[in-house]
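> How does the following fold in three dimensions:
(chains A and B)
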Amino acid sequence: MDYTAAQSGFRQRKLQHNMRLRNSSVDRPDGSQLFDDTSAAVPGPEGAYRNQQAGPQAAGLPGHSFLSDPMSNLAVAYGSSLASQGREMVDKNLDRFIPISKLKYYFAVDTVYVGKKLGILVFPYMHKNWEVNYQQDIPVAPRFDVNAPDLYIPTMGFITYILVAGLALGTQNRFSPELLGVQASSALVWLIMEVLAVLLSLYLVTVNTDLTTIDLLAFSGYKYVGMIVGIVAGLLFGRPAYYLSLLWCCAAIFVFMIRTLRLKLLSEAAAEGKLIRGTRNQLRMYLTMSIAAAQPIFMYWLTYHLIT
Amino acid sequence: MAFTLYTLIQTAILCTNAIAVLHEERFLSRIGWGVDQGVGGFGDDPGVKAQTLNLIRSVRTVMRVPLIIVNSACIVLLLLFG
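Numbering: from 1, shown residues only, chains lettered A, B, ... in the order given. Okay, here's the model as predicted:
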């Protein structure tokens, strides 16, 4: 249906707008709407492109001044198509460097999992079954398996550690806002160095394991929970309480790391506790021990300067 | 203790430089860490020594040109900004 010039300019403007918006939505390759198209209430016809006729009539009339200008319509359409292209490009390139889909797996947690995991981190002595369940070669999401590593607790623990460190410094009148940034970058640098050292030693010992870098990051981040418990105890009850709770948490994280890494790094038989001779298994055992022993050292190193 | 991310970058550059500087025939072969001494058995167990030698050789090969660029940039930046 063609709309002639005899019709009211408002009607024509609305139809022009609808036609242009529908054209732009067809241009989008993946079909996902970048912006919600709430203005297209009436589906307009796929008629002729009445640009010239709408121009002089649209300029004089008030009302939908934003939508009336055909140039701004054009700009909206062009901008939205550019934005969707840019978004595609960013998604594609970002996925090459940071595997976003894999990261989503590590954040698929729920409250029950977090509660149980925190309990295991502080008291791992009652937990019996440490194996990770698999489902057709893919590890089950942390929501369904308490042994699976996740990134939620390490991230939250890191942020909470920085905040608690700021609190501790504040109670000693040593606080300034820059110190928060210094603490954060120091802890982050130590974390990165620890993960790199573990990766290097895993490479040197040629362990065939399915531990990814993100898994190692998760395991290294679990010590922040113990650190926070230690600092809070030290703030509330003084130095002896800090030492006691830190000792408890260090022992707990040591046992936790050994029991978790044993299944991943050592061969099947050695993981069940049999003593197997051979330099390879010995090396792997030493590696597991040193990774687990590095955790208490870092926990002490990163917290002792916060407690007077 | 005030580590920043910049110190991390500095550490990485210095360590990579240190590995890249090890000369093959003047030093590594003398102490028995040459390229020919790395490949031991053909089994599934290369051993720690073979892995380290492999690592040193690959760092030298891969990072030679990028290190030239990064070091030059570092020198220029340090000269300009202290």
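
> Quick check: the gap between the closest residue to chain B within the stretch 201-308 of chain A and A:A197.
Closest to chain B within the stretch 201-308 of chain A is A:L204: 4.8 Å, counting by C-beta to the nearest C-beta. C-betas here are computed from N, CA, C, even on glycine. In this view, A:L204 and A:A197 are 11 Å apart by C-beta to C-beta, to the nearest Å.

> With A:T155 instead?
In this view, A:T155 and A:A197 are 21 Å apart by C-beta to C-beta.

> Name the helix or strand for A:E178, please.
A:E178 belongs to helix A:177-204 when assigned by DSSP states H and E.

> For that helix, buried residues please.
Buried residues in helix A:177-204, defined by neighbour count with 16 or more other C-beta atoms under 10 Å in any protein chain shown: A:179, A:183-192, A:194-195, A:198, A:201-202, A:204.

> Which element is encountered next along the chain beyond it?
Next along the chain after helix A:177-204, taking DSSP H and E as the criterion, comes helix A:213-221.

> What are the buried residues along that following helix?
Across helix A:213-221, burial judged by 16+ other C-beta under 10 Å covers A:214-221.

> Report the contact partners of A:I214.
Taking C-beta atoms under 8 Å, 6 or more residues apart in numbering or on different chains as the criterion, A:I214 is in contact with A:102-103, A:106, A:151.

> Where does the stretch 51-200 of chain A get nearest to chain B, which residue?
Counting by C-beta to the nearest C-beta, the stretch 51-200 of chain A gets nearest chain B through A:V189, at 4.1 Å.

> pLDDT value on the residue in chain B positioned nearest to chain A, please?
Chain B approaches chain A most closely through B:F3 (4.1 Å), counting by C-beta to the nearest C-beta. Note on B:F3: pLDDT of 79.

> need the strands for chain A, in chain order.
Here chain A has its strands, by DSSP state E, at A:134-135, A:138-139.

> Check which strands are paired with the last one and give the direction for each one.
Partners of strand A:138-139 in the sheet, by DSSP bridges, are strand A:134-135 (antiparallel).

> Is it correct that A:C249 is in contact with A:V122?
Yes: contact between A:C249 and A:V122 holds when scored by C-beta atoms under 8 Å: they sit 6.7 Å apart.

> Now do the shared contacts for the two.
Common neighbours of A:C249 and A:V122 (C-beta under 8 Å, 6+ apart) are A:225-226, A:229.

> Of the residues you listed, which belong to helices?
Counted as lying in helices by DSSP state H, out of the shared contacts of A:C249 and A:V122, are A:225-226, A:229.

> Which residues are in contact with the residue nearest to the residue of chain B closest to chain A when sequence neighbours are not counted?
Sequence neighbours aside, A:V189 is the residue nearest to B:F3 in space, at 4.1 Å (criterion: C-beta to C-beta, 6 or more residues apart in numbering or on different chains). Applying C-beta under 8 Å, 6+ apart, we find A:V189 in contact with B:3-5, B:7-8.

> hmm, 10 Å instead?
B:2-8, B:11 (C-beta atoms under 10 Å, 6 or more residues apart in numbering or on different chains).

> For the residues you listed, I'd like a selection string for PyMOL - just the buried members, please.
Only the buried entries of those go into this PyMOL selection, using 16+ other C-beta under 10 Å:
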select buried, chain B and resi 3+8
